[in-house]
Every structure is written in C-alpha cells, then in structure tokens.
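K.L.:
sequence? don't have it. structure:
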C-alpha cells in the first residue's frame, strides 16, 4: 500500500501582527484588572496582619489570665516603682508585661540599654508585643493595658501611673491590685489593646488610659462614641518631630491600625476586633471597682440615673 504525501509546495502562510489599537486595548484591560485586584490583594495582606495581631493579643490575654489564677484572682499592677527594681532605667520600669513573662515566654529580651549600669534587664520587646501593621520597623512594643484594671502601685496624678511616686504621688499609699471580684462584667471590659506610636520617642505607651475625660473627647458632656469621641480623635501615630504637646495622649489611647479596626483582649481572656468609634467608655472601660488613678475617686456618680449623668443609660450594665 502506498502512502500519499500531500504536496504543500506553493502554499503561503501569512502571520498577522497585533495592530497598535489591539495592543492598547490589551494594555487597558490589564490596567483595569490591576486597579481592581491590587486593592483586593492589599486588603488580604492587611487582613492577614490583623489576624496575626489578634493572635498576639490572645497569647497576651491568656498570659494575664494565668497570672490572675496564680495570684489570688488579682490582676498585675501597671508597674513597680523604679526605685524598687535597681538597675532599671527610670523610663523602663518593671511593668505588667514583664510580670506575665513566666506565662507567655514569647517576646522577651535581656537588654543592657534599658538599664543604668549596663547590666541586661528583662524587657518585653519584639515578637508578640508588636502589631505587624505598624509602619515603624524600629518599634519594640505596641500594646498597652487598661491603666486602672492594671492599677499603678502608688496614688498620684500621672496618666500612666509609671512615675507617680516622684511626680507628686503619695508613695506611702500602696494601692492594692484590682481583683477579679471587682469586675462585674469582665467580658465587656477591655484589658489590653493596640495603642499609638510616637516616632520621636520610638515607643508606644504601656497603658491604655481609662480616664473618662479623655475618652469623652475632653469636653462636657462627654462624647463616648462616634467620630467626636476621644478614641477616634486620638487614634493615630505621631510622626512630627518634635512631637506636639498632646503626643502623649496618642500613646495611651486605643489605636485602630487595620483599615479602621483595632484588636483588643478583654478581661475574661477573649479577643475581639472593634471598629473605630465603637468603643464606649461606659461599657468597655468602666468596671464597678474603677477609681481615678490620680485621686482614687469613686466613679459611680457618672452612672447616676437621678439626673442626666453621662453614663446613666448604661447603668444597667454595672449596677
């Protein structure tokens, strides 16, 4: 049997090139797809960072809960007086973060630069103490604890309670730690959360301020929720150098780094993401045992329902 070979001689195949218009159409389609997809990819990356941040707070919250179980149902103090921890620099007191180290382990360093005599001291720094969404690569911790739940050791007028003894505080009056029995609604009380970063100071605060005045926007009557509340006005990082006079309040206010959402650990150990403007001092910072750090005033008056008290509508949450 004979195979026949088809003769292709004489046939011509013409290759067609893209015209300029066709190339422009393709480029335009690619640009449109990129414009649509790149924000989606950015949001996905930010969501992943938010999840890591939430995981950090979960570990920190569980560490605090274990501490509470071991220490007679009491929360750690905000810090020790620096004079009771020889060798530590005044700006680097032994705080609640170092107190929970046996339960957390992850995110601690022995650093000589935090001491007065070049002897390394234990510091909570790096790893789980840093939110991955913070833009400052030199940051070493970005979470703060409720500064009245984690009560300062001494009575004094100081926003974080760190240096109350030498800023006019009464060092003869040692404040007892907050007990779990003081908490009427631990599942609603913010315990630890993200706070603002001041670039010039290379730091965030160690505490989340629990003063109703600042949460209320520093006005009376206070505005505790929404765009005019203190947790929105002062939610941010401070890049100016030198920093403005109110930079300190950014360090101790809740920060919402994740596309307008912040992560928080609550006093029962659970964690939750909250949108900017959602935090309400009357519900999320006040607890029945709360007293002002600077004068130990009982703050229950702010819930009085016999007059138009600022938190009277939330009285049922606590009393």
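P.N.:
Done, it's in. Worth saying up front: this structure is predicted, and the values here are computed from it rather than measured. Residues are numbered from 1 along each chain as shown.

K.L.:
for burial, what's the neighbour tally of residue 89?
P.N.:
By the criterion of other CB atoms under 10 Å, residue 89 has 14 neighbours. (C-beta placed from N, C-alpha, C; glycine too.)

K.L.:
hmm, it is touching residue 117, no?
P.N.:
No - Residue 89 is beyond contact range of residue 117, at 9.8 Å (criterion: CB atoms under 8 Å).

K.L.:
doesn't residue 152 make contact with residue 78?
P.N.:
Yes - the criterion here is CB under 8 Å, and residue 78 meets it with residue 152 at 4.7 Å.

K.L.:
next, count neighbours for residue 23.
P.N.:
Using other CB under 10 Å: residue 23 sits among 11 other residues.

K.L.:
SS state for it?
P.N.:
With DSSP: H, G, I helix; E, B strand; the rest coil as the basis, residue 23 sits in helix.

K.L.:
just residue 122 next, same as before
P.N.:
Per three-state DSSP, residue 122 ends up strand.

K.L.:
which non-adjacent residue is nearest it?
P.N.:
residue 98 (5.4 Å; CB to CB, 6 or more residues apart in numbering).

K.L.:
got a pLDDT number for that neighbour?
P.N.:
At residue 98, the model reports a pLDDT of 93.

K.L.:
that one: what's it in contact with?
P.N.:
Residues near residue 98 by CB atoms under 8 Å, 6 or more residues apart in numbering: 108, 122, 123, 124.

K.L.:
determine which two of those residues are furthest apart.
P.N.:
Across these, the longest distance by CB to CB is 8.0 Å; it joins 122 and 124.

K.L.:
spit out the residues that contact these two alike.
P.N.:
Contacts common to residue 122 and residue 124, judged by CB under 8 Å, 6+ apart, are 98, 101, 108.

K.L.:
where does the first one fall, phi/psi-wise?
P.N.:
Read it as residue 98. phi -80, psi -30 (degrees, to the nearest 10).

K.L.:
give me the distance between it and residue 312.
P.N.:
Distance of residue 98 to residue 312, computed by CB to CB, to the nearest Å: 40 Å.

K.L.:
cool, the second one as well?
P.N.:
As for residue 101, its distance to residue 312 is 42 Å (criterion: CB to CB).

K.L.:
so where is the stretch 201-319 of the chain shaky, pLDDT-wise?
P.N.:
Applying pLDDT under 70 to the stretch 201-319 of the chain flags the ranges 293-294.

K.L.:
what are the boundaries of the helices in the stretch 51-200 of the chain?
P.N.:
96-99, 101-104 (DSSP state H, counting those that start in this stretch).

K.L.:
all strands for the stretch 151-300 of the chain, in order.
P.N.:
Applying DSSP state E, counting those that start in this stretch to the stretch 151-300 of the chain gives strands spanning 154-155, 170-174, 190-194, 197-198, 203-204, 207-208, 261-266, 271-275.

K.L.:
could you export those strands as TSV, including mean neighbour count and distance to residue 38?
P.N.:
Conversion of the strands of the stretch 151-300 of the chain to TSV gives the following (neighbours: other CB atoms under 10 Å; distance: least, CB to CB, whole Å):
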stretch	mean neighbour count	distance to residue 38
strand 154-155	24	52
strand 170-174	12	56
strand 190-194	26	26
strand 197-198	23	26
strand 203-204	22	30
strand 207-208	28	34
strand 261-266	24	21
strand 271-275	17	24
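
K.L.:
chain neighbours aside, what residue packs nearest to residue 116?
P.N.:
residue 89 (5.5 Å).

K.L.:
next one: residue 50
P.N.:
That would be residue 258: by CB to CB, 6+ apart, it lies 4.0 Å from residue 50.

K.L.:
that neighbour contacts residue 51, doesn't it?
P.N.:
No - Residue 258 is beyond contact range of residue 51, at 9.4 Å (criterion: CB under 8 Å).

K.L.:
more neighbours: the two, which one.
P.N.:
Comparing residue 258 with residue 51 by other CB under 10 Å, the one with more neighbours is residue 258, at 21 against 14.

K.L.:
which residues are contacting stretch 105-112?
P.N.:
Contacts of stretch 105-112 with the rest of the structure, by CB under 8 Å, 6+ apart, involve 59, 98, 101, 118-129.

K.L.:
and with 7 Å instead?
P.N.:
Contacting residues not belonging to stretch 105-112 are listed as 59, 101, 118-129 [CB atoms under 7 Å, 6 or more residues apart in numbering].

K.L.:
do the same with stretch 78-90
P.N.:
By CB under 7 Å, 6+ apart, stretch 78-90 touches 93-96, 114-117, 119, 121, 147, 150-154, 160-162, 165, 207.

K.L.:
related to what we said a few turns ago, where's the residue nearest to residue 116 relative to residue 136, distance?
P.N.:
Distance from residue 89 to residue 136, by CB to CB: 21 Å.
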